[in-house]
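# Show me the folded form of this:
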Amino acid sequence: MTEWLLIGLIATALLFDFFNGMNDAANSIATIVSTRVLSPRLAVFWAAFFNFVAFLVFGQHVAKTMGTGIVTPSVITDQVIFGALVGAICWQTITWRAGIPSSSSHALIGGLVGAGVTHAGWNVIEWQGLGRTISAIFLSPSMGLVLALVLMVLVSWACRRLMPARVDGVFRRIQLLSASALSVGHGGNDAQKTMGIITALLFAHGTLKGSFYVPLWVILSCQTAMALGTLCGGWRIVKTMGSRITHLSPFQGVCAETAGAATLFLATGLGIPVSTTHTITGAIIGVGAAKRASAVRWNVAKEIVTAWFVTMPAAGLIGAAAYGLFGLLQ
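Down below sits the predicted model:
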């Protein structure tokens with residue numbers, strides 16, 4: 001019975017990873033689709049491939065943070081993991097149906113904290129790891145915005161004497177590279193969160209022993225689930241990210257994607273679970289604001305930012321409720 005429960009929870013975690021890829025597909029492909037550099041069909045295949053190969057680029061620092069740095073590892077139980085996953089999946093589903101680019105990452109963290117606190121109280125929280133993650137809610141979009149603004153200024157100055165048609169043609173080709181980098185950053189940071197959850201579960205069951213490490217089969221399973229989710233796409237969110245915030249040219253798309261990718265690469269290297277959604281949204285706002293403040297639809301941006309603040313508490317409450325439900329079903 002215990003083995004079947006473990007298998008079921010791992011399958012649920014991979015389902016979350018699939019939804020993560022589907023929900024966050026917009027982060028990787030919205031700009032490249034909205035600028036018409038690639039068709040939607042080609043764009044999702046492009047993003048899915050680079051989502052998958054991300055494990056070849058990064059270590060497993062984010063997975064370790066998720067597995068040991070959010071709640072005390074000793075309180076990880078089947079019931080806690082169930083609550084975390086259900087909280088995250090339910091909130092993902094709600095925001096996906098509404099077309100709101102919320103953070104799958106923070107939904108999972110919120111669900112884990114909600115279930116963990118319900119299980120053993122507030123003292124189970126690893127405040128250093130959680131504090132870094134909460135700080136990233138503000139820092140990652142801010143960094144994406146600032147980098148995008150700087151890139152827009154620098155590249156605009158460098159291309160000031162070129163014909164607009166020439167600039168557009170060059171940046172259509174460059175955008176294939178910047179979109180690839182963003183997809184690698186997305187796959188590297190986001191897939192590791194599920195790796196951390198599954199690995200913590202395996203340690204709790206005694207399947208793994210010794211210091212924390214992520215088995216290769218867990219890495220490949222999580223990268224595959226995320227890539228498949230990306231293939232399914234999230235077209236409501238693509239529309240929001242690609243056109244409702246601001247209209248993008250290939251030149252602007254390159255600046256946004258490069259700024260977002262740089263932020264994700266830095267955070268993943270430091271082992272900080274950040275939101276790809278937050279990061280690229282900040283970058284898109286940055287390139288829009290560089291043109292003129294009125295180019296950004298601030299009411300749409302306000303809706304997205306509101307969802308950022310609501311995600312962790314909402315997923316935490318759902319996670320706590322799911323934790324209690326699991327206990328009743330046992």
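
# Can you pull the poorly scored residue ranges out of the stretch 51-200 of the chain?
Applying pLDDT under 70 to the stretch 51-200 of the chain flags the ranges 99-101.

# 80 - rerun?
95-104, 137-138, 164-165, 168 (pLDDT under 80).

# where along it do the helices fall?
Here the stretch 51-200 of the chain has its helices, by DSSP state H, counting those that start in this stretch, at 61-68, 78-98, 104-120, 127-158, 164-204.

# what's the closest of the ones you listed to residue 249?
helix 164-204 (6.7 Å; CB to CB). The way it works is simple: take the backbone N, C-alpha and C, and place the C-beta from them, glycine included.

# relative orientation of the closest one and helix 127-158 in degrees?
Between helix 164-204 and helix 127-158, the angle formed by their directions is 170 degrees, by axes from the mean of the first three to the mean of the last three CA atoms, to 10 degrees.

# Could you point out the helix or strand that follows helix 164-204?
helix 216-232 (DSSP states H and E).

# Just the residues contacting that next one, thanks.
14-15, 17-25, 28, 44-45, 47-49, 51-55, 60, 183, 187, 190-192, 194-195, 198-199, 202 (CB atoms under 8 Å, 6 or more residues apart in numbering).

# Identify the residue nearest residue 10 in space, chain neighbours excluded?
residue 198 (5.6 Å; CB to CB, 6 or more residues apart in numbering).

# Quick check: the gap between the most far-flung residue of the chain relative to its centre and residue 268.
The C-alpha centroid of the chain is most remote from residue 161, which lies 37.9 Å away (CA atoms, centre = their mean). From residue 161 across to residue 268, the span is 37 Å (CB to CB, to the nearest Å).

# one step back: possible to save the helices of the stretch 51-200 of the chain as a markdown table with mean neighbour count and distance to residue 210?
As requested, the helices of the stretch 51-200 of the chain are arranged in a markdown table below (neighbours: other CB atoms under 10 Å; distance: least, CB to CB, whole Å):
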| stretch | mean neighbour count | distance to residue 210 |
| --- | --- | --- |
| helix 61-68 | 24 | 13 |
| helix 78-98 | 23 | 20 |
| helix 104-120 | 27 | 23 |
| helix 127-158 | 18 | 21 |
| helix 164-204 | 23 | 9 |
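
# wait, which of those helices is closest to residue 259?
Comparing those under CB to CB, the one sitting nearest is helix 127-158, at 3.6 Å.

# how distant is the closest one from the center of its chain?
In this view, helix 127-158 has its centroid 15 Å away from the chain centroid, taken as CA atoms, centre = their mean, to the nearest Å.

# And the helices of the stretch 51-200 of the chain: which comes nearest residue 278?
Of these, nearest to residue 278 by CB to CB is helix 127-158, at 4.4 Å.
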